[in-house]
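Quick one, structure for this:
(one chain, ligands or ions: 2)
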Amino acid sequence: MKYYVRTYGCQMNVADSAEMGRHFKAKGLVETQDENEASIFLVNTCTVRQHAEDRALSEIGRLRRWKARVPNRKVVVTGCAAERTKEYLEDRFPFVDLVVGAKSIEDFGVLAERLLDRRVTDEELEYAAPVDDKVAAFVTIMRGCNYSCTYCIVPAVRGREIYHSMDQILGEVADRVAEGAREITLLGQTVNSYRNGPNRFADLLKAVAQVDGVERVRFISPHPYYMTDRVIETMAGVHQVCPSVHLPVQSGSNTMLKQMLRNYTREEYLDLATKMRRAMPGMTLSTDIIVGFPGETPQDFRQTLSLIEEIEFDWGFIFKYSPRQGTPAAQFESHPQELIEERHQECLELIDRIAIKKRLALLGTHQDVLVEEDNFGRTRTNYKVHISEDIAAGEEVRVRITNAQRATLEGAVDNGNVTFKNFREEGRTAINAG
Ligand code: SAM
Ligand code: SF4
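Residues are numbered from 1 along each chain as shown. Ligands and ions are numbered 1, 2, ... in the order given. Take a look at the predicted model:
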């Protein structure tokens, strides 16, 4: 018996999908990439923006026919939109067999077991070892969020922060390594606010890096407020922790940051960027930005553009503000959609222009690439690279960057042939990027 998963939204959802998949695998189910051969279709939804929720709802609507085509098929809907609109979903899509909101993901094992026991006999189960063979694995270290950013639905659908214990996290890391992982990404909404007894996020980073077999550690999403000197020193001092930070700024205007309740200023963010780049020359810094937040004046928007230019982010995600029912900002008057589109386009063009410039500086440099699958891997700074040679997943190779026009770089393996010229090129790039 096979299951198919469609995931919408952030890495947290990707990690939740993997966790739910492990419950299915433990019951003997096998994952498939072809929905036609699946008996269970799991839709893991997102509600952070209306667009994401609409896509998930239209997918669920389509599943009425998918389900009717083969007897005993089941549809499971989970995640943040399921949490926010559970009753509506059950009314509008009565053929859905199970709805599990984001706050109840940890109960998924029991709920899935009930679903399977109710409708499937053991003979139908095709037994398989419950393994995840990903080279790069996610490990959730905390759930929920204690912030109240005025635009954001996450605290309502995921609840307040709950931290997993260090022991549980280190155990999960060891499990993923045993299954083939070499790189671990720690996940949380404000991942660096992690605490467990006397331990803070920096202690966890060190402990995870020391787990046998862990070659790379990343984390997402940190909040600027908790990007302490200790975290930065740990990143700089522990080789396994990759020099790449995705640090959402949301806006470059102090007025907007205050309205959003972000708990830092433009100046504090700028100081952080300088501090991190000083500690980790050559690191990459990326961000999230919201354009068209209610009350954003042309001057506020210019402040965001000038922050992007000043910092020169390596890449970034630009989001059009989307009012979420129940959040404080949803009560403020929204900008016309055309204005939001215009600002979105202008911001995208700027961030892409800088991103291309940053990538082109990598041409000819040598990068350590950990191969994840079929000729694709990542640099320590988190650029995706397509490699021309066939290299086994899990191997790290030295690659010369041969093309940097697109977001996915092109590279050729150049192991053990680092010439004096290459050293000079690498040094220069590190200084430029810093
Ligand atoms: N917890 C992370 C943080 O605080 O940076 C981010 C979580 S959220 C799932 C990912 C991104 O979605 C945010 O950084 C923000 O830019 C964007 N986002 C959240 N709510 C939004 C909204 N109502 N409209 C547009 N973008 C939104
Ligand atoms: Fe949402 Fe803010 Fe929490 Fe991030 S920190 S999840 S943006 S409330």
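
Would you mind writing the CA trace of the helix or strand hosting Arg230 as PDB?
For Arg230, the element it lies in under DSSP states H and E is helix 229-237. The C-alpha trace of helix 229-237 is given here as PDB (Å, rounded to 0.1, in the frame of the first residue of the first chain):
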ATOM      1  CA  ASP A 229      27.200  37.200  20.000                       C
ATOM      2  CA  ARG A 230      27.400  33.600  21.300                       C
ATOM      3  CA  VAL A 231      25.400  32.300  18.400                       C
ATOM      4  CA  ILE A 232      27.600  34.200  15.900                       C
ATOM      5  CA  GLU A 233      30.800  33.100  17.700                       C
ATOM      6  CA  THR A 234      29.600  29.500  17.700                       C
ATOM      7  CA  MET A 235      28.800  29.600  14.000                       C
ATOM      8  CA  ALA A 236      32.200  31.100  13.300                       C
ATOM      9  CA  GLY A 237      34.100  28.600  15.500                       C
END
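
The helix or strand following it pairs with which strands?
Note on helix 229-237: by DSSP H and E, the next helix or strand toward the C-terminus is strand 244-246. If you go by DSSP bridges, strand 244-246 pairs up with strand 284-291 (parallel).

Of all the residues in the partner strand, which ones are buried?
Residues of strand 284-291 classed as buried by neighbour count (16 or more other CB atoms under 10 Å): Thr284, Leu285, Ser286, Thr287, Ile289, Ile290, Val291. Placement of C-beta: from N, CA and C, glycine included.

for stretch 212-224, same thing?
Val214, Glu215, Arg216, Val217, Arg218, Phe219, Ile220, Ser221, Pro222, His223, Pro224.

Any chance of CSV for those residues, columns distance to His335, pLDDT and secondary structure?
Shown next, in CSV, are the buried residues of stretch 212-224 (distance: CB to CB, whole Å; pLDDT from 0 to 100; DSSP: H, G, I helix; E, B strand; the rest coil):
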residue, distance to His335, pLDDT, secondary structure
Val214, 45, 98, coil
Glu215, 46, 97, coil
Arg216, 41, 98, strand
Val217, 40, 98, strand
Arg218, 35, 98, strand
Phe219, 33, 98, strand
Ile220, 29, 96, strand
Ser221, 25, 93, coil
Pro222, 29, 98, coil
His223, 26, 98, coil
Pro224, 25, 98, helix
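
Can you tell me which of those is nearest Thr190?
Relative to Thr190, the closest of those is His223; by CB to CB it sits at 3.9 Å.

how near is the closest residue to the closest one other than its chain neighbours to Asn72?
Spatial nearest neighbour of His223, chain neighbours left out: Thr190 (3.9 Å); criterion: CB to CB, 6 or more residues apart in numbering. Per CB to CB, to the nearest Å, Thr190 is found 42 Å from Asn72.

before we move on, what about Met1?
From Met1 across to Asn72, the span is 9 Å (CB to CB).

With neighbour numbers in mind, choose between the two.
Neighbour count, other CB atoms under 10 Å: between Met1 and Asn72, Met1 has more, with 18 against 11.

So for the more buried one, what's the pLDDT?
Model confidence at Met1, given as pLDDT, is 90.

looking at it, it is touching Thr32, isn't it?
No - counting by CB atoms under 8 Å, Met1 stays clear of Thr32, with 9.9 Å between them.

Now do the strands in the stretch 251-400 of the chain.
Using DSSP state E, counting those that start in this stretch, the strands of the stretch 251-400 of the chain run over residues 284-291, 315-320, 366-373, 376-379, 384-387, 396-403.

would you put the C-alpha positions of stretch 356-363 in CSV?
Listed next in CSV are the C-alpha coordinates belonging to stretch 356-363 (Å, rounded to 0.1, in the frame of the first residue of the first chain):
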residue,chain,number,x,y,z
ILE,A,356,23.3,37.9,-9.9
LYS,A,357,26.2,40.2,-9.1
LYS,A,358,27.0,38.1,-6.0
ARG,A,359,26.8,34.8,-7.9
LEU,A,360,29.0,36.0,-10.7
ALA,A,361,31.7,36.8,-8.2
LEU,A,362,31.8,33.0,-7.6
LEU,A,363,32.7,32.1,-11.2
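
can you list contacts of that stretch?
284, 312, 314-315, 383, 401-405, 407, 409, 429, 432-433 (CB atoms under 8 Å, 6 or more residues apart in numbering).

same question, stretch 258-270
For stretch 258-270, the external contacting residues (CB under 8 Å, 6+ apart) are 147-151, 223-225, 247, 249-254, 257, 290, 293-295, 303, 307, 310-311, 329.

give me that answer again for 7 Å
With contact meaning CB atoms under 7 Å, 6 or more residues apart in numbering, stretch 258-270 is reached by 148-151, 224-225, 249-252, 254, 257, 293, 295, 303, 307, 310-311.

again, but for stretch 296-311
Residues contacting stretch 296-311 (CB under 7 Å, 6+ apart): 249, 251-253, 255-256, 266, 270, 273, 285, 289, 291, 335, 343, 347, 350-351, 354.

again with stretch 283-292
Identification of contacts with stretch 283-292 by CB under 7 Å, 6+ apart yields 151, 243-251, 273, 276-277, 301, 304, 311, 313-321, 335, 339-340, 343-344, 347, 381-382.

Strand 216-220 and the helix holding Arg230, what's the angle between them?
If you take axes from the mean of the first three to the mean of the last three CA atoms, to 10 degrees, helix 229-237 sits at 150 degrees to strand 216-220.

so what secondary structure elements neighbour helix 229-237?
Counting contacts by 3 or more CB pairs under 7 Å, 6 or more residues apart in numbering; DSSP states H and E, helix 229-237 packs against helix 201-210, helix 266-279.

Tell me which of these is the most buried.
Per residue and on average, the most neighbours among those fall to helix 201-210, with a mean of 20 (mean count of other CB atoms under 10 Å).
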